[in-house]
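>>> whatever this is, show me its structure:
(3 chains)
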Amino acid sequence: MPELPEVEVVRQSLEHIITHKKVKKVIVRNRNLRLKIPKNFIKSLVNKKVIKVDRFSKYIILQLNNKSFLILHLGMSGTIHLIDKYKKNFSTNMSFYNSPNLPKKHNHIEIFFKNFKIVYNDPRRFGFVQIIKNFEYLKKRFAKYGPEPFQKKFDTNYMLSFFKGKKRNIKNFLLDQNFVSGIGNIYASEILFLSKIKPTTLVNILKFNDCKKIINKSKFVLLKAIEKGGSSIKNFKNAKGYTGNFQKNFNVYQRDGLKCKRSGCEGIIKKKIISNRSTFFCDYCQK
DNA sequence: AAGAGGCCCTGATAGC
DNA sequence: TGCTATCAGGGCCTCT
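Numbering: from 1, shown residues only, chains lettered A, B, ... in the order given. As a prediction, the model looks like this:
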């Protein structure tokens, strides 16, 4: 489900809710995620306070008051739900309010705080959670990842030197987290449309100005999507259950067969499988 | 060593 | 209605 903007939207809603709150109880209902939830998971969380709710790339990172970190990755289908004990359906046996947004199946983890709990749900189990001992290990954990588009390091020099001698297309690179972190299949297509660059373009022919455009449009698209609350396709919601709006701003994603939105362009949006992922573009205005 | 392709898993939807 | 096939926002592993 989530690329950087959706994860950031979830982070923001979580931040308000759980910063400075202490974990009272943890229930693991199903340990099977992409990485099996470790045996010591519950112990490493209970009675710890959340100091900070951070994010890197598509990962939510909770900093705890014993210097450790809890990493949450949502994979393709993961969601996080806030369940408030004091909603009107609160029942006397101390079970929590059953949110209409809370799925019936695949609720892997419940983390209880004083007056509410958050629930981690992931039907496809491509997501995972990890406890990281300290900051040293956290740095190591993300060492191989490329910069986010917002970081200073993601500049034309970085791109051009990364592309040197490579024979891969640009769409492929935008999805490569070792090159740039946080871009996924939706926003890769959108970024290349705004950059007027065809996704199949081999990177070794890209010029300084092409890189400049890709950098600027990457920042633009991701920021815009965060601003709009993410893209709510397949029912994406933030932790409070609100949907996002950015899907209305898609120029190409899932618009194959429709008219190009660029004013004056007569092109029809095409769909093509590139490195096993659906890719959308206008072959009229993207050169 | 780079790059292509397969695979992990469930659920929604399309087509017959 | 009910079957089967296809596709889905990610990332890692293996093979060539």
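>>> which positions in chain A make contact with DNA strand C?
Applying the criterion CB under 7 Å from any atom of the strand, the portion of chain A that neighbours DNA strand C consists of A:1-3, A:6, A:34, A:57-58, A:73, A:75-76, A:124, A:126, A:175, A:177, A:184-186, A:230-236, A:276-278. C-beta coordinates here come from the backbone N, C-alpha and C atoms, glycine included.
>>> buried subset of these, written for PyMOL?
For selection in PyMOL, the members of the residues of chain A next to DNA strand C meeting the burial criterion (16 or more other CB atoms under 10 Å) are listed in this command:
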select buried, chain A and resi 1+2+3+6+57+58+73+75+175+184+185+186+230+231+232+233+236
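>>> ok, and which of the residues of chain A next to DNA strand C reach DNA strand B?
A:34, A:124, A:126, A:276.
>>> list the ones among these that fall in strands.
Applying DSSP state E to those, no entry is found in strands.
>>> nearest to DNA strand C, out of these: which one, please.
Relative to DNA strand C, the closest of those is A:Phe126; by CB to the nearest atom of the strand it sits at 4.0 Å.
>>> how close does that closest one sit to A:Leu35?
Here the criterion is CB to CB, to the nearest Å. By it, A:Phe126 lies 11 Å from A:Leu35.
>>> can you list the weak-confidence ranges in the stretch 1-150 of chain A?
Within the stretch 1-150 of chain A, the set of residues satisfying pLDDT under 70 comprises A:1, A:86-100.
>>> can you show me the strands along it?
A:25-28, A:50-56, A:59-64, A:69-73, A:79-84, A:107-112, A:116-121, A:128-132 (DSSP state E, counting those that start in this stretch).
>>> how big is the angle separating the longest one from strand A:59-64?
Strand A:50-56 and strand A:59-64 meet at an angle of 160 degrees, taking axes from the mean of the first three to the mean of the last three CA atoms, to 10 degrees as the criterion.
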